[in-house]
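Structure here, sequence nowhere to be found:
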């Protein structure tokens, strides 16, 4: 995936390997960095966490953290995993 639209704004998706960052600058160029291994539960939670920031930049960090962990745990228990491209 190279881009995704959150809240009517197109974000460039950058996948790396540490944690995450959602950058909402004053210009129309947005970046959502996911520095986590997306094959892990932590990676899934990090992706959700940064997506929530992209949807609502004013949401409190404690709420983003709580919601991303709850949704990530729920999806992980349902079996959601990153599929490797062959």
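That came through, no problem. Remember, predicted model here, so these are calculated numbers, not experimental data.

make it CA atoms for all contacts and neighbour counts henceforth
OK.

Can you mark which positions in stretch 67-81 are buried?
Going by neighbour count (16 or more other C-alpha atoms under 10 Å), the buried part of stretch 67-81 is 67-69, 72-73, 76.

Stretch 7-17 too?
Buried, per 16+ other C-alpha under 10 Å, within stretch 7-17: 10-13, 15.

now the residue lying closest to residue 40 once chain neighbours are set aside: how far from residue 31?
In this structure, residue 40 finds its nearest non-sequential neighbour in residue 81, 7.7 Å apart by C-alpha to C-alpha, 6 or more residues apart in numbering. Going from residue 81 to residue 31 by C-alpha to C-alpha, to the nearest Å gives 23 Å.

which SSE is the residue nearest the centre of the chain in?
Centroid check for the chain by C-alpha atoms, centre = their mean gives residue 47 as the closest residue, at 2.5 Å. Per DSSP states H and E: residue 47 is located in helix 41-55.

can you give me the mean pLDDT across that helix?
Averaged across helix 41-55, pLDDT comes to 92.

would you say residue 4 is within a strand?
Yes: applying DSSP: H, G, I helix; E, B strand; the rest coil, one finds residue 4 inside a strand.

That one reaches residue 10, doesn't it?
Yes: between residue 4 and residue 10 there is a contact under C-alpha atoms under 8 Å: 5.6 Å.

For residue 7, grab phi and psi.
Backbone torsions for residue 7, taken as degrees, to the nearest 10, come to phi 50, psi 50.

Can you give me the distance of the closest residue to it other than its chain neighbours to residue 39?
Nearest non-adjacent residue to residue 7, counting by C-alpha to C-alpha, 6+ apart: residue 55, 5.2 Å away. Residue 55 sits 23 Å away from residue 39 when distances are taken as C-alpha to C-alpha.
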